[in-house]
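Engineer: build me a model:
(one chain, ligands or ions: 1)
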Amino acid sequence: MTTAPDYTEKIPNNVNLREDRRLRRALESWQPDFLNWWESMGPALPTKDVYLRTAVNVGREGWAHFGHVPMKDYRWGVFLAERDSDRRIAFGQHKGEPAWQKVPGEYRADLQRLLVIQGDTEPASVEQQRNLGATAPSLYDLRNLFQVNVEEGRHLWAMVYLLHAYFGREGREEAGELLHRNSGSEDSPRILGAFNEETPDWLSFFMFTYFTDRDGKYQLGTLKESAFDPLSRTCEFMLKEEAHHMMVGTTGVDRVVGRTAQVMVENDTDDMAALGVIPLPVIQKYLNFHYSVSLDLFGGETSTNVANYYTAGLKGRWMEERRTDDHRLTDDSIMVDTLAGAGNGEQSIGQTEVPALVGLNTDLRREYISDCQSGVNRWNKILAEAGLTQRLKLPHIAFNRRVGAFAGIEASPDGEKLPAGEWERRRGQWLPTDVDKTHVRSLMQPVHERGKIAAWIAPPRNGINGKPFEYDYVHLA
Ligand code: BYC
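Structural biologist: Residues are numbered from 1 along each chain as shown. Here you go, the predicted structure:
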């Protein structure tokens, strides 16, 4: 099968849409709805064109083309990684059998649900980021925001293709619904909690792309293992695009921390509010918020849903093939975080042993947490190299949770279980307050001039695609 997308088609694709008239017409009738949604819910800042990359191939080399394009003309399309015709299922009760090219009837409902949940997050993030262009700290950052936005739009296409191609009328209806739910809507909110939160400023954006996009990386990593081969190949290519989103988050927070550290050292003070940068305690509070709501995205510490997904072969583990167990896990166990009886009628935060299959959300969350820790280490290195003693920290797993074992309790960032009253009194020390948010927003004055950057963030080390920071990444309308 060819891997190069066909750009002569109305919907660029490498899945031979040309030969599947019914599917092509179904997707072509969804396309105007998508474009209407993009116009009304996508980036609000009017632009002439943006220096964007567009996928031109899915192979290892040279998969993307860079150039200035009007955003509404971006070629959203359907791209699957190359097919391996010998691929076999790597885990669960069907381990060793050939990967599926069609959806087995008994797993249809579960697979459709996973696709809908995944698909729902993509447009949600575009909606959350809709107004950020107006306060971009530089044209470089503005371009990165738009790149992330168009690719999240493409990831929506990726899920919509699967729904249309493999799930009949119900799939088409679900594809329609993906454009009707909206982030933060009272009547029809997005499905997962974090995708109904606001992203009102650029510190939130960088924290979101670090912590919440990283959940995307891990969830896509498990769906890439799926026995349903079209889903696996779809996720493989999405992960390639996702790497840029990770870079935006990691280096974005680097640059905020770096600039604050620099100004702290130059002024020999840690009272940053007056100096036009974001104080480290505020950065810590934003980190606490985005990390804790992203932990919720992994579902409960124990879950029969995930056990069923794994056994059926729908959703694997992170790096499934590198694991050295039997890839069925029917006889294994895992320690998961829990609330345990403390003997005096009280409950305390502890661990308990459960069958490995029901603990798979915990397994994935742990992989994610250790990856998040690497970001914190990196930011702390920036502080140490500036000669500062302050450090950032991931809060305890029970902090600010709304899903799973700790949903019903309050805990401090150190993992101390707190009475509700004390939590309410102290939450402003740990989560952004209105005063913090107002201060951060007050710094968000747009810098849309070529080669210039806002004072609260350091410039990037590198530009995009070998271009310098001063490049005209975006032409405003
Ligand atoms: N909010 O058995 P449980 C991304 C529901 S991000 C609201 O503990 P399960 C991206 C759950 O649906 C990646 N509801 O959890 C990032 C279930 O409902 P039902 C998105 C929640 O099912 C940035 C019930 O609670 N992809 O790509 O094992 C920008 C019990 O749940 C939440 C995926 O998530 C929540 N946080 O795991 C753009 C992959 N958590 O069934 C994009 C697909 C749980 O009782 N989804 N619930 O009605 C899944 O694999 C799983 O559904 C979940 C939950 C990991 C989300």
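Engineer: tell me where the chain has strands.
Structural biologist: Per DSSP state E, the chain carries strands over the ranges 47-55, 64-69, 333-341, 347-355, 410-411, 417-418, 474-476.
Engineer: in CSV, could you pull the C-alpha coordinates for stretch 379-397?
Structural biologist: This file holds the C-alpha atoms of stretch 379-397, laid out as CSV (Å, rounded to 0.1, in the frame of the first residue of the first chain):
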residue,chain,number,x,y,z
TRP,A,379,13.2,22.8,35.3
ASN,A,380,15.0,22.4,38.6
LYS,A,381,18.3,22.1,36.7
ILE,A,382,17.5,25.5,35.2
LEU,A,383,17.0,26.9,38.7
ALA,A,384,20.1,25.2,40.0
GLU,A,385,22.2,26.5,37.1
ALA,A,386,21.0,30.0,37.9
GLY,A,387,22.3,29.6,41.4
LEU,A,388,18.9,29.5,43.0
THR,A,389,17.9,27.1,45.9
GLN,A,390,14.1,27.1,45.1
ARG,A,391,12.8,23.9,43.5
LEU,A,392,9.6,22.8,41.8
LYS,A,393,7.9,19.6,42.8
LEU,A,394,5.1,17.2,41.6
PRO,A,395,2.3,17.1,44.2
HIS,A,396,1.3,13.9,45.8
ILE,A,397,-1.0,11.6,43.8
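Engineer: run the chain-centre distance for it.
Structural biologist: Chain-centre distance of stretch 379-397: 23 Å, with CA atoms, centre = their mean, to the nearest Å.
Engineer: what of stretch 208-217?
Structural biologist: For stretch 208-217, the distance to the chain centre is 3 Å (CA atoms, centre = their mean).
Engineer: look up the closest residue to the closest residue to the ligand within the stretch 101-250 of the chain, ignoring the ones flanking it.
Structural biologist: Nearest residue of the stretch 101-250 of the chain to the ligand (CB to the nearest ligand atom) works out as residue 216 at 2.8 Å. Any C-beta I mention is one placed from the backbone N, CA and C, and that applies to glycine too. The shortest distance from residue 216 to any non-neighbouring residue, by CB to CB, 6 or more residues apart in numbering, is to residue 242 (6.2 Å).
Engineer: let me see the contact set for the one you found.
Structural biologist: By CB atoms under 8 Å, 6 or more residues apart in numbering, the contact set of residue 242 is 213, 216, 217, 220.
Engineer: who wins for neighbours among those?
Structural biologist: residue 216 (23 neighbours; other CB atoms under 10 Å).
Engineer: residue 222 reaches residue 319, doesn't it?
Structural biologist: No - judged on CB atoms under 8 Å, residue 222 makes no contact with residue 319 at a distance of 9.6 Å.
Engineer: before we move on, the earlier item: for the ligand, which of the strands of the chain is the nearest?
Structural biologist: Closest to the ligand of those is strand 333-341 (CB to the nearest ligand atom; 11.6 Å).
Engineer: one step back: among the contacts of residue 242, which are in helices?
Structural biologist: Counting by DSSP state H, these place 213, 216, 217, 220 in helices.
Engineer: surely the first one meets residue 245?
Structural biologist: Yes - with contact defined as CB under 8 Å, residue 213 reaches residue 245; the gap is 4.6 Å.
Engineer: so which bits of the longest helix along the chain are buried?
Structural biologist: Looking across the chain with DSSP H, the single longest helix is helix 229-267. For helix 229-267, the neighbour count (16 or more other CB atoms under 10 Å) marks 229-242, 244-246, 248-261, 263-264 as buried.
Engineer: output the set of residues of the stretch 1-150 of the chain in proximity to the ligand.
Structural biologist: Contacts of the stretch 1-150 of the chain with the ligand, taken as CB under 6 Å from any ligand atom, map to 114, 117, 118, 121, 122, 125.
Engineer: quick one: these as a markdown table, columns for pLDDT, distance to residue 375 and neighbour count too.
Structural biologist: Below are those laid out as a markdown table (pLDDT from 0 to 100; distance: CB to CB, whole Å; neighbours: other CB atoms under 10 Å):
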| residue | pLDDT | distance to residue 375 | neighbour count |
| --- | --- | --- | --- |
| 114 | 98 | 27 | 22 |
| 117 | 98 | 25 | 15 |
| 118 | 98 | 23 | 24 |
| 121 | 98 | 20 | 25 |
| 122 | 98 | 23 | 22 |
| 125 | 98 | 19 | 27 |
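Engineer: and the residues you listed, which is closest to residue 334?
Structural biologist: Nearest to residue 334 out of those is residue 114 (CB to CB; 21.7 Å).
Engineer: residues in contact with that closest one?
Structural biologist: Contacts for residue 114 (CB under 8 Å, 6+ apart) come out as 223, 309, 314, 315.
Engineer: give me the number of residues near the third one?
Structural biologist: Read it as residue 314. Using other CB under 10 Å, residue 314 has 24 neighbouring residues.
Engineer: mind pulling up the pLDDT for it?
Structural biologist: Looking at residue 314, its pLDDT stands at 98.
Engineer: show me the contacts for residue 87.
Structural biologist: Contacts of residue 87 by CB under 8 Å, 6+ apart are 98, 99, 229, 232.
Engineer: again, only using 10 Å
Structural biologist: Contact criterion CB atoms under 10 Å, 6 or more residues apart in numbering gives 98, 99, 100, 101, 227, 229, 232, 233 as the residues in contact with residue 87.
Engineer: not counting its neighbours along the chain, what's nearest whichever residue of the stretch 351-477 of the chain sits closest to the ligand?
Structural biologist: Scanning the stretch 351-477 of the chain for the residue nearest the ligand gives residue 403, at 4.6 Å (criterion: CB to the nearest ligand atom). With CB to CB, 6+ apart as the criterion, residue 403 has its nearest non-adjacent residue at 4.0 Å, and that residue is residue 296.
Engineer: the one you found reaches residue 398, doesn't it?
Structural biologist: No - contact criterion CB atoms under 10 Å: residue 296 and residue 398 do not qualify, at 11.8 Å.
Engineer: thinking again about what came up before, show the backbone phi and psi for the residue of the stretch 351-477 of the chain closest to the ligand.
Structural biologist: phi -130, psi 140 (degrees, to the nearest 10).
Engineer: same check, this time on residue 187
Structural biologist: Taking degrees, to the nearest 10 as the convention, residue 187 sits at phi -80, psi -40.
Engineer: residues touching it, list them.
Structural biologist: 180, 181.
Engineer: what does the stretch 301-450 of the chain have sitting close to the ligand?
Structural biologist: Residues of the stretch 301-450 of the chain lying near the ligand by CB under 6 Å from any ligand atom: 303, 305, 306, 315, 361, 403.
Engineer: go with 5 Å
Structural biologist: The stretch 301-450 of the chain has residues 303, 305, 306, 403 near the ligand, with proximity defined as CB under 5 Å from any ligand atom.
Engineer: can I get the residues you listed in CSV with neighbour count and pLDDT?
Structural biologist: Shown next, in CSV, are those (neighbours: other CB atoms under 10 Å; pLDDT from 0 to 100):
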residue, neighbour count, pLDDT
303, 18, 98
305, 16, 98
306, 24, 98
403, 18, 97
